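# Sequence first, predicted coordinates after that:
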Number of protein chains: 4
Amino acid sequence: MRVTVWNENAHETRGDADVLAHYPDGIHAAIAAGLTAHLPDAEIGTATLQEPEHGLPESVLADTDVLLWWGHIAHGEVADEVVERVYRHVQAGMGLLVLHSGHYSKIFQKLLGSTASLLWRNAAERELVWTIDHTHPITQGVPDPIVIPRQEMYGEPFDIPVPDELLFVSSFSGGEVFRSGVTYRRGLGRIFYFSPGDQEYPVYHQTEIQQVLANGVRWAAPTQPRRNQIAIHKPDQGWFGA
Amino acid sequence: MRVTVWNENAHETRGDADVLAHYPDGIHAAIAAGLTAHLPDAEIGTATLQEPEHGLPESVLADTDVLLWWGHIAHGEVADEVVERVYRHVQAGMGLLVLHSGHYSKIFQKLLGSTASLLWRNAAERELVWTIDHTHPITQGVPDPIVIPRQEMYGEPFDIPVPDELLFVSSFSGGEVFRSGVTYRRGLGRIFYFSPGDQEYPVYHQTEIQQVLANGVRWAAPTQPRRNQIAIHKPDQGWFGA
Amino acid sequence: MRVTVWNENAHETRGDADVLAHYPDGIHAAIAAGLTAHLPDAEIGTATLQEPEHGLPESVLADTDVLLWWGHIAHGEVADEVVERVYRHVQAGMGLLVLHSGHYSKIFQKLLGSTASLLWRNAAERELVWTIDHTHPITQGVPDPIVIPRQEMYGEPFDIPVPDELLFVSSFSGGEVFRSGVTYRRGLGRIFYFSPGDQEYPVYHQTEIQQVLANGVRWAAPTQPRRNQIAIHKPDQGWFGA
Amino acid sequence: MRVTVWNENAHETRGDADVLAHYPDGIHAAIAAGLTAHLPDAEIGTATLQEPEHGLPESVLADTDVLLWWGHIAHGEVADEVVERVYRHVQAGMGLLVLHSGHYSKIFQKLLGSTASLLWRNAAERELVWTIDHTHPITQGVPDPIVIPRQEMYGEPFDIPVPDELLFVSSFSGGEVFRSGVTYRRGLGRIFYFSPGDQEYPVYHQTEIQQVLANGVRWAAPTQPRRNQIAIHKPDQGWFGA
């Protein structure tokens, strides 16, 4: 399994001290390290906004089973051409994990067909991540709830389509709730959005969060060769007679 | 529209002072009064466990568009024959609202095919009832969130089938979350489960809660004549030729 | 209720004799006439590709409760700016009915986040439209199945997200099946896709088809004022204390 | 993985020549043989109505990862106590595949909370089983559609709850359609209903049908130890402070 962790890498390259304190090598490096710890057989690579084609040329995407997407303050700098390319690969079967503030990324909005707007407040609140679907592969092996001592609050209304599966719901000290883990299918691709994870708090260093991401990668990995469209037989082959 | 509010009426008939303080004429009377205020054109009746056939003979159910069900400490005293009768009417198109501790009623478990078990703690916590589906008729006209100052906590895991629609999610002071408003269809009947409402707190006197129940009744009311089975054409009429 | 029927009007303006035989005043006129017959209290207008801003300036959309969209051979000629405008109004609460070959329209693909590709074959086959959800307002009052004597075949795989609700499934003489009636919610807007209806067959003259469209319009009509985003309270109002 | 194939074995023990022609050792033996061919590492056992406790004592169920259920003319002879036991094991995590006329079994009706009634006609029609969800593990590796030359017709309306996942839809020569492959979750257990398969036609000898059943068994197998209830933490451990 080949995994690519994408990060806009903008807080880091702009020298944001708070972020670098938690993620000295970039958020992508921390996410990749967490995945490596839980998916020893996977090949984990990284890519960032600053690389040519944002590190996501056709050759990289064609070789990626599951892509993780982290973005926050630089969504507008992502080239539409790259968004289109990722979109095409998801439709053809590539798995996609969208993380935290990636809810506002071009690729997530394009795949959902909605704004993905939400409530938020940054006040170092405690987040409790409760499991809703106890039979799902993504929720296996993690405590219920996962306790995140200090977090940004993300709250409902979360303007997303009705999820295919609702896996996690979070509460925050301030009383808000949030559908923090949801899945969608688009074309032949599987998508998992997971909100815990922020640049100002060391959330990606928590082993339970790493476990959820690893579970998500395993779940989103394609089980069939990538193909350009879901329709595989030609109409003239589909004629079964009157 | 004809509505029947059913209550086990057990706390009340046993003289539970705390309950009678909030609901001197019984919880059913308070629910019925709230519905009357918000559904002036509906005919609202009540029925209780202590009446013959629990107040739900065939004639009453046949004349009921929507039944509301409140039970807590006397689930086991409900006759299987009456449960079977209610079940049959729901399948044939009668609407059903299951309230609060009614999650453990025989009729709810039978319609869901699951235990409906949940976490609970009675500690007079604040409940916030957040709207998840902002387009649904049941969530119209109520504040988001509804604030209930003192409530029993109901928390996940809530052992129910994946709902057809998830309308409300609550948080509690203790940090738990709960799918507090969910819908199901069974046969030709519509079912709405709404958890806010308890015998020890004056929840049913809150106008927002009454509004949700009134919306629920309107949503669950049948739009077609009751019929014994969903299949309406006979196989020999369904033969369209090879 | 104000309804706008949009048609690319391309077969008609190009003088396609087969199409004009069935729809001498344009497909939009036939659809509008059918709605008028079943929704006597609605105000039904039409708009076409050839008008300035395709007949859908801001003022028209702001006054439209439900928009119907018919397109086939001119999807590429629809201005992105108009698509964006329709998209914004759906998110804000306007209802949308997408008809037949409109599955490949820019607006449908944008709202779904998928290709909406499907199988097809034009061989004047019989289509049977079976009701799947017998409790839904859109399926009330129509025969089960609706029989369409001669139709273009639309078949699975239909590359759409899992629908919020599956209302109709069709079969065709050739043996294919198709999810011919599905609903989605996006933002505050309700979307109904209904496939029966073609330029070469007089499908929109069938009263059962008109009934489904009228039901769909009633179902998709907003129940609250249009607003730009689903989040209605400000985070600073949402702070309920630790 | 330990699999138990249950069969009422009634046509066979009554000496029905048509059935014995296709299934000389019983339908359960044919299903078990098909599973063995596609799941070489699984331990496949069988059980029948005629055995003590119908071959499903506590010890057998406790050792069964996935149970397959075939019944037709002897649903009423299945002891309620055994149904209750199977129900309890599904809630606790055992997988269940319900086959063909098993839709009317006590266990399926009890788990669904509905009648599971449907249309039917036995006229040796061709069934085409179309894949709807192309990303699901159960639909991998089978042709789309699967062609069954001669079959009993099962048609909508199929009175089941909205499925968690719709995997297959069939059409029949007579024009009917049917949701022939659907999944549900109940408690910690996964349920897959698959309609192709009949006592009068050699459906279970088709390798594609065997492949679907093998996929279903793999999908339904539990990924966690069986436990009596889904709630795993005690309320007093769940108190996170006000």
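That came through fine.
# Which single strand of chain A contains the most residues?
In chain A, taking DSSP state E as the definition, the longest strand is strand A:119-131.
# quick one: strands adjacent to that strand?
Using DSSP bridges, the strands paired with strand A:119-131 are strand A:146-155 (antiparallel), strand A:165-172 (antiparallel).
# Apart from its chain neighbours, what residue comes closest to A:Ile109?
Just to correct that, residue A:109 is Gln rather than Ile. Leaving aside its sequence neighbours, A:Gln109 sits nearest to A:Ala116 (C-beta to C-beta, 6 or more residues apart in numbering or on different chains; 5.7 Å). C-beta here means a position set from N, CA and C on the backbone, and glycine is covered the same way.
# With A:Glu156 instead?
Nearest non-adjacent residue to A:Glu156, counting by C-beta to C-beta, 6+ apart: B:Trp130, 5.0 Å away.
# Could you list the low-pLDDT ranges of chain A?
For chain A, the stretches flagged by pLDDT under 70 are A:229-242.
# please redo it, this time with the cut-off set to 80
When residues are selected by pLDDT under 80, those of chain A lie in A:228-242.
# Output the set of residues of it in proximity to chain B.
Proximity of chain A to chain B, by C-beta under 8 Å from any C-beta of the partner chain, involves residues A:126, A:128, A:130-134, A:144-145, A:155-157, A:162, A:165-166, A:169-171, A:173, A:175-177, A:179, A:242.
# filter the residues you listed to the buried ones?
Buried by 16 or more other C-beta atoms under 10 Å in any protein chain shown: A:126, A:128, A:130-134, A:144-145, A:155-157, A:162, A:165-166, A:169-171, A:173, A:175-177, A:179, out of these.
# Look up how far B:Leu166 lies from A:Ala92.
To B:Leu166, A:Ala92 is 31 Å away according to C-beta to C-beta, to the nearest Å.
# just A:Gly95 next, same as before
Distance, A:Gly95 to B:Leu166, using C-beta to C-beta: 25 Å.
# hey, what's the residue nearest the centre of chain A bridged with?
Note on chain A: the residue nearest the mean C-alpha position is A:Val98, at 2.0 Å, using C-alpha atoms, centre = their mean. Residues in a beta bridge with A:Val98, per DSSP bridges, are A:Trp69, A:Tyr193.
# and the residue of chain A nearest chain B?
Chain A approaches chain B most closely through A:Ser171 (4.4 Å), counting by C-beta to the nearest C-beta.
# need the longest helix for chain A.
helix A:207-220 (DSSP state H).
# Now find how far off-centre that helix is within its chain.
Put simply, helix A:207-220 sits 10 Å off its chain's centre (C-alpha atoms, centre = their mean, to the nearest Å).
# That one versus strand A:119-131: what angle between them?
80 degrees (axes from the mean of the first three to the mean of the last three C-alpha atoms, to 10 degrees).
# What are the contacting residues of helix A:207-220?
A:1, A:3, A:31, A:34-35, A:37-39, A:42, A:66, A:68, A:95-97, A:99, A:136-143, A:146, A:148, A:168, A:181, A:183, A:189-192, A:194, A:196-197, A:203-204 (C-beta atoms under 8 Å, 6 or more residues apart in numbering or on different chains).
# in that helix, what counts as buried?
Buried, per 16+ other C-beta under 10 Å, within helix A:207-220: A:208-220.
# Equivalent analysis for stretch A:43-51, please.
A:44-49.
# Got a quick PyMOL command for the buried subset of the contacts of helix A:207-220?
Only the buried entries of these go into this PyMOL selection, using 16+ other C-beta under 10 Å:
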select buried, chain A and resi 3+31+34+35+38+39+42+66+68+95+96+97+99+136+138+139+140+142+146+148+168+181+183+189+190+191+192+194+196+197+203+204
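# Which members of the contacts of helix A:207-220 are positioned in strands?
Counting by DSSP E, the contacts of helix A:207-220 contribute A:3, A:66, A:68, A:95-97, A:99, A:146, A:148, A:168, A:181, A:183, A:189-192, A:194 to strands.
# hmm, back to that, ok, now which ones touch the residue nearest to the centre of chain A?
Going by C-beta under 8 Å, 6+ apart, the list of residues near A:Val98 reads A:69, A:105, A:107-108, A:191-194.
# will you turn these into a markdown table that also has distance to B:Pro24?
As requested, the contacts of A:Val98 are exported to a markdown table (distance: C-beta to C-beta, whole Å):
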| residue | distance to B:Pro24 |
| --- | --- |
| A:Trp69 | 58 |
| A:Ser105 | 56 |
| A:Ile107 | 59 |
| A:Phe108 | 53 |
| A:Ile191 | 54 |
| A:Phe192 | 52 |
| A:Tyr193 | 49 |
| A:Phe194 | 49 |
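# What is the most widely separated pair among the residues you listed?
Farthest-apart pair in these is A:Ile107 and A:Phe194; separation 15.2 Å (C-beta to C-beta).
# From A:Ile27, how far off is A:Gln199?
For A:Gln199, the distance to A:Ile27 - C-beta to C-beta - is 6 Å.
# Oh, that last question was meant for A:Phe172, not what I typed.
In this view, A:Phe172 and A:Ile27 are 21 Å apart by C-beta to C-beta.
# More neighbours: the two, which one.
Per other C-beta atoms under 10 Å in any protein chain shown, whichever of A:Phe172 and A:Ile27 has more neighbours is A:Ile27, with 28 against 25.
# Can you verify my assumption that the more buried one contacts A:Tyr201?
No. A:Ile27 lies out of contact with A:Tyr201 (C-beta atoms under 8 Å); the separation is 11.3 Å.
# okay, and the common contacts of these two?
Counting by C-beta under 8 Å, 6+ apart, nothing touches both A:Ile27 and A:Tyr201.
# which ones are touching A:Leu128?
Residues in contact with A:Leu128 (C-beta under 8 Å, 6+ apart) are A:145-148, A:170-172, B:175-177, D:240.
# likewise A:Tyr184?
With contact taken as C-beta under 8 Å, 6+ apart, A:Tyr184 is in contact with A:111-112, A:161, A:163-164, A:190-191, A:193, C:161.
# Which two of these have the greatest separation?
A:Pro161 and A:Arg190 (15.0 Å).
# Pick the one among the buried residues of helix A:207-220 closest to B:Ala17.
A:Glu208 (45.8 Å).
# how about the nearest residue to A:Glu176 once chain neighbours are set aside, what does it touch?
Leaving aside its sequence neighbours, A:Glu176 sits nearest to A:Gly155 (C-beta to C-beta, 6+ apart; 3.3 Å). Applying C-beta under 8 Å, 6+ apart to A:Gly155 gives the contacts A:118-121, A:172, A:176-178, B:130, C:235, C:238.
# What separation do you get for A:Gly155 and chain D?
A:Gly155 is 17 Å from chain D, where distance means C-beta to the nearest C-beta, to the nearest Å.
# do the same with A:Val217
16 Å.
# show me what contacts A:Gly141?
A:211, A:215.
# For C:Pro40, see how far away it is.
In terms of C-beta to C-beta, A:Gly141 sits 60 Å off from C:Pro40.
# same question, A:Ile209
From A:Ile209 over to C:Pro40 the distance is 58 Å, taken as C-beta to C-beta.
# Please apply the same query to A:Asp80.
Taking C-beta to C-beta, one finds A:Asp80 at 47 Å from C:Pro40.
# And A:Trp6, by the same measure?
For A:Trp6, the distance to C:Pro40 - C-beta to C-beta - is 55 Å.
# the more surrounded of these two?
Neighbours per residue (other C-beta under 10 Å) separate A:Trp6 from C:Pro40, with A:Trp6 holding more: 32 against 7.
# Touching, the more buried one and A:Leu68? I think so.
Yes. Taking contacts as C-beta under 8 Å, A:Trp6 lies within contact range of A:Leu68: 6.4 Å.
# correct me, but the residue nearest to A:Glu156 touches B:Ser170?
Yes. Counting by C-beta under 8 Å, B:Trp130 touches B:Ser170, with 6.9 Å between them.
# okay, and the common contacts of the two?
A:Val177.
# hang on, the earlier thing: can you redo the strands paired with strand A:119-131 as CSV with distance to A:Arg227?
Formatted as CSV, those follow (distance: least, C-beta to C-beta, whole Å):
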stretch, distance to A:Arg227
strand A:146-155, 35
strand A:165-172, 24
